[in-house]
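S.K.: Got a sequence here, can you model it:
(chains A and B)
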Amino acid sequence: MFKVTTEPLSIDEAYAAVRRDDCGAVALFVGTVRDHHDGKKVTQISYSAFQEMAVKEFAAIATEAIARWKVGAVYIAHRTGPLKIGDASVVIAVSSAHRAEAFEGCRYAIETLKKMAPIWKEEFYETGKAWISG
Amino acid sequence: MKVVVQLFGPLAEQAGRPRLEVTVAGSTVRDVVEATGLQVDKSVRYARNTDYVDLDAGLQEGDVVSLIPPVGGG
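M.R.: Take a look at the predicted model:
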């Protein structure tokens, strides 16, 4: 349910991991590599992570989402290594009995991941590169 | 005691390596950070093993300290 991997992410896997008979909603968030940043053309992105701690943070996010919104299940996967434009960098899926909780839980998960998960993004431009946070 | 320090992202780049070892007389995260000699500003957070802690957190033999510069996942 929680992983940091250099392999391509699977939306099917995320959906299958959280779909349950007692849940009538699955919210899915996919973060993808964008081709521009602050007016500059992005050619490639590389993510690195403190893998063991990131996975632990994902589990903590899920525990909190389940406690707060009574969601059914939470799946969080983040990719590391060099990614191309359009590649999925993060996939989150949240199931719940009704749609409001799935949306809320999914929003909470991505916002908290961005603040807390020990993952770093390096953007490469036609000339130069930069570490991007936030 | 000897403490392993992990560096990530821009801090690893700045130090030219992802891991170093320091020997400290004290036993807090602050003692370890000072012993690295790295320029660390207020945006950096710290982990003892896999938990965020503050600079005053105590360490035991075998603990790993990680310097966590501003994160950018997502």
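S.K.: which SS class is the nearest residue to B:Val64 once chain neighbours are set aside?
M.R.: Leaving aside its sequence neighbours, B:Val64 sits nearest to B:Val4 (C-beta to C-beta, 6 or more residues apart in numbering or on different chains; 4.9 Å). Bear in mind the C-beta positions are built from the backbone N, C-alpha and C, glycine included. Following DSSP: H, G, I helix; E, B strand; the rest coil, we place B:Val4 in the strand state.
S.K.: Test my guess that B:Val4 contacts B:Glu61.
M.R.: No. Contact status for B:Val4 versus B:Glu61: not in contact, 11.0 Å apart, counting by C-beta atoms under 8 Å.
S.K.: So which of these two has more stuff around it?
M.R.: Just comparing B:Val4 and B:Glu61: by other C-beta atoms under 10 Å in any protein chain shown the higher neighbour count belongs to B:Val4, 14 against 8.
S.K.: if I look at the more buried one, how far off is chain A?
M.R.: Separation of B:Val4 from chain A (C-beta to the nearest C-beta, to the nearest Å) stands at 13 Å.
S.K.: which residue is nearest the centroid of chain A?
M.R.: A:Val90 (3.2 Å; C-alpha atoms, centre = their mean).
S.K.: what does chain A put close to chain B?
M.R.: Residues of chain A found near chain B (C-beta under 8 Å from any C-beta of the partner chain) are A:31, A:47-50, A:52-54, A:56, A:78, A:89-90, A:110, A:113-122, A:131-134.
S.K.: one more time with 7 Å
M.R.: For chain A, the residues in contact with chain B (C-beta under 7 Å from any C-beta of the partner chain) are A:31, A:48, A:50, A:52-53, A:56, A:78, A:90, A:110, A:113-114, A:117-121, A:131-134.
S.K.: Cool, thanks, talk later.
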